[in-house]
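Student: Please work out how this folds:
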Amino acid sequence: MAKLTEENAIETYRLALRTNGRLLLDDVSIKIPKGQITGILGPNGAGKTTLLKALSGFARATSGQIAIFGQALSSLSVGQRAKRLAHLPQNLETHFHFEALDIVMMGRYAHSKGATHERDGEELAREALERCNISHLAHRSFANLSGGEKKLVLLARCLCQDSPIFLLDEVTSSLDIRRKMEVFELLRDEVETSGRTVVVVIHDINLASLYLDRLIFLKRGKVIGQGDVMEILDDSYLTRVFGTRTVVIPHPECNRPAVLFSPPGRSSGDRHPKGGYNHV
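Tutor: Numbering: from 1, shown residues only. Predicted coordinates:
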């Protein structure tokens with residue numbers, strides 16, 4: 001057995017997860033540093049959501065080790081996990097009527113100790129809604145919100161939970177580009193002012209390049225690369241991961257990589273069938 005230390009916020013060693021005869025995670029060993037934003041990327045079906053569920057404890061690994069600040073995840077109670085990890089799932093369906101404020105206040109579960117704490121919890125929940133710019137949704141039914149609004153409510157719940165690690169599954173899906181950038185500005189602020197560790201499943205490589213520190217690439221349940229954004233975003237490497245041609249160039253306004261995807265079988269000078277040039 002490997003010795004996993006508290007030097008990193010999260011570490012896994014030879015993690016495997018099998019369900020219904022399918023191997024969803026295979027020999028996954030990763031290190032997620034404290035106080036950084038780490039992205040999990042890869043093609044559809046790569047195992048990104050499964051890995052996040054395993055890290056949060058919502059899916060039980062078949063074999064291998066997971067450590068949170070050096071402590072085995074399996075040794076933590078539900079309440080102890082909640083104090084260390086805030087999880088934003090890909091989807092959350094409720095069978096009862098809950099207002100958005102109710103959902104956010106659920107983040108205080110691990111800290112609740114009575115009526116006084118419940119009152120404090122409502123105040124913290126309202127502050128979290130305000131930070132996500134969705135105070136106007138406080139008394140709206142969660143079930144009737146749009147997909148993007150639900151994600152923002154769940155992000156507010158994570159802020160209200162105030163755990164040192166956020167595990168976020170596609171937190172910006174269904175949001176427009178301005179909202180996406182607002183979310184990542186907020187997350188960067190959390191990292192830089194509170195020392196928060198953030199792990200996000202994300203599909204937008206350019207958004208990841210602008211805001212993230214490290215990337216982990218999965219393919220068919222295996223880790224095929226992990227490292228600093230500035231080092232790992234390489235066109236030949238991305239082509240191997242996603243199976244499509246890419247070109248990586250410097251962003252014209254900041255020192256970050258920008259990724260362009262090239263349509264199959266076309267060169268940069270090819271014209272679009274309707275005239276004009278292709279701009280990817």
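Student: The helix or strand harbouring residue 101 - contacts with which helices or strands?
Tutor: Per DSSP states H and E: residue 101 is located in helix 100-105. With contacts taken as 3 or more CB pairs under 8 Å, 6 or more residues apart in numbering; DSSP states H and E, helix 100-105 sits against helix 115-131, helix 147-161. C-betas here are computed from N, CA, C, even on glycine.
Student: Columns mean neighbour count on top of these, output as JSON lines?
Tutor: Formatted as JSON lines, these follow (neighbours: other CB atoms under 10 Å):
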{"stretch": "helix 115-131", "mean neighbour count": "15"}
{"stretch": "helix 147-161", "mean neighbour count": "23"}
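Student: Which of these sits closest to residue 45?
Tutor: Residue 45 lies closest to helix 147-161 among the helices and strands packed on helix 100-105, at 20.7 Å (CB to CB).
Student: Please save the CA atoms from that closest one in CSV.
Tutor: Extracted in CSV, the C-alpha atoms of helix 147-161 (Å, rounded to 0.1, in the frame of the first residue of the first chain):
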residue,chain,number,x,y,z
GLY,A,147,-30.3,24.4,-15.8
GLY,A,148,-27.9,27.3,-15.4
GLU,A,149,-29.7,28.8,-12.5
LYS,A,150,-29.7,25.4,-10.7
LYS,A,151,-25.9,25.3,-11.1
LEU,A,152,-25.5,28.7,-9.6
VAL,A,153,-27.7,27.7,-6.6
LEU,A,154,-25.6,24.6,-6.1
LEU,A,155,-22.5,26.7,-6.2
ALA,A,156,-24.0,29.0,-3.6
ARG,A,157,-24.6,25.9,-1.5
CYS,A,158,-20.9,25.0,-1.7
LEU,A,159,-20.0,28.5,-0.6
CYS,A,160,-22.4,28.2,2.3
GLN,A,161,-20.9,24.8,3.2
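Student: Show the subsequent helix or strand relative to it.
Tutor: Later in the chain than helix 147-161, the nearest helix or strand by DSSP H and E is strand 165-169.
Student: what does whichever helix or strand comes after that next one contact?
Tutor: Per DSSP H and E, the first helix or strand lying C-terminal to strand 165-169 is helix 177-194. By CB atoms under 8 Å, 6 or more residues apart in numbering, the list of residues contacting helix 177-194 from outside reads 35-37, 131-133, 148, 152, 155, 159, 166, 171-172, 175, 196-198, 200, 204, 207, 210-211.
Student: nearest spatial neighbour of the residue nearest in space to the middle of the chain, skipping sequence neighbours?
Tutor: The centre of the chain sits closest to residue 200, judged by CA atoms, centre = their mean, with a distance of 1.5 Å. Excluding the flanking residues, the one nearest residue 200 by CB to CB, 6 or more residues apart in numbering is residue 168, at 4.6 Å.
Student: Okay, angle between the lowest-mean-pLDDT helix or strand in the chain and helix 177-194 too, please.
Tutor: None of the helices or strands of the chain scores lower by mean pLDDT, DSSP states H and E than helix 115-131, at a mean of 80. If you take axes from the mean of the first three to the mean of the last three CA atoms, to 10 degrees, helix 115-131 sits at 130 degrees to helix 177-194.
Student: and helix 115-131, what other elements does it pack with?
Tutor: Short answer (3+ CB pairs under 8 Å, 6+ apart): helix 115-131 packs on helix 100-105, helix 147-161.
Student: could you dump these to TSV with mean pLDDT?
Tutor: Putting these into TSV (pLDDT from 0 to 100) gives the following:
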stretch	mean pLDDT
helix 100-105	95
helix 147-161	96
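Student: Serialize those to CSV and add fields for distance to residue 48.
Tutor: Listed next are the helices and strands packed on helix 115-131 as CSV, based on distance: least, CB to CB, whole Å:
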stretch, distance to residue 48
helix 100-105, 24
helix 147-161, 16
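Student: can you give me the strands in the protein?
Tutor: 8-19, 22-33, 37-41, 63-68, 71-72, 85-88, 165-169, 197-201, 214-219, 222-228, 246-250, 257-261 (DSSP state E).
Student: so which of the ones you listed gets nearest residue 144?
Tutor: Nearest of the strands of the chain to residue 144, taken as CB to CB: strand 85-88 at 19.5 Å.
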